[in-house]
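**Student:** Curious how this folds, go ahead:
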Amino acid sequence: MFELGFVTEEVEAAVEKLKAAGVPVLLEPVEKPWGQKVAYVEDPDGHYIEICSPIG
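**Tutor:** Just a heads-up that it's a prediction; the model follows:
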């Protein structure tokens, strides 16, 4: 198993588009203690995909 990560300024909007397309959301967007927003979705093969905001 592996994980892919994609960086975007609009984590919530990206997750909403993926949900509308039927993509399973594993973790709704959350803000980490260092200020980064992170969410996880699952691709059809079961791989985790991280959708996150830039750090810094």
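**Student:** make it CA atoms for all contacts and neighbour counts henceforth
**Tutor:** Fine.
**Student:** hang on, Leu4 packs against Asp43?
**Tutor:** No. In this structure, Leu4 is not within contact of Asp43 by CA atoms under 8 Å, at 9.9 Å.
**Student:** Return every residue with contacts to both of the two.
**Tutor:** Taking CA atoms under 8 Å, 6 or more residues apart in numbering as the criterion, Leu4 and Asp43 both touch Ile49.
**Student:** Tell me which stretches of this structure form strands.
**Tutor:** Under the criterion DSSP state E, the chain contains strands at 3-7, 25-31, 37-42, 48-52.
**Student:** Dump the ones you listed into TSV; add mean pLDDT and distance to Ala14 as well.
**Tutor:** Formatted as TSV, those follow (pLDDT from 0 to 100; distance: least, CA to CA, whole Å):
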stretch	mean pLDDT	distance to Ala14
strand 3-7	92	10
strand 25-31	98	10
strand 37-42	97	10
strand 48-52	97	8
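**Student:** Make CSV from those strands and add mean neighbour count to it.
**Tutor:** As requested, these are exported to CSV (neighbours: other CA atoms under 10 Å):
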stretch, mean neighbour count
strand 3-7, 12
strand 25-31, 15
strand 37-42, 20
strand 48-52, 21
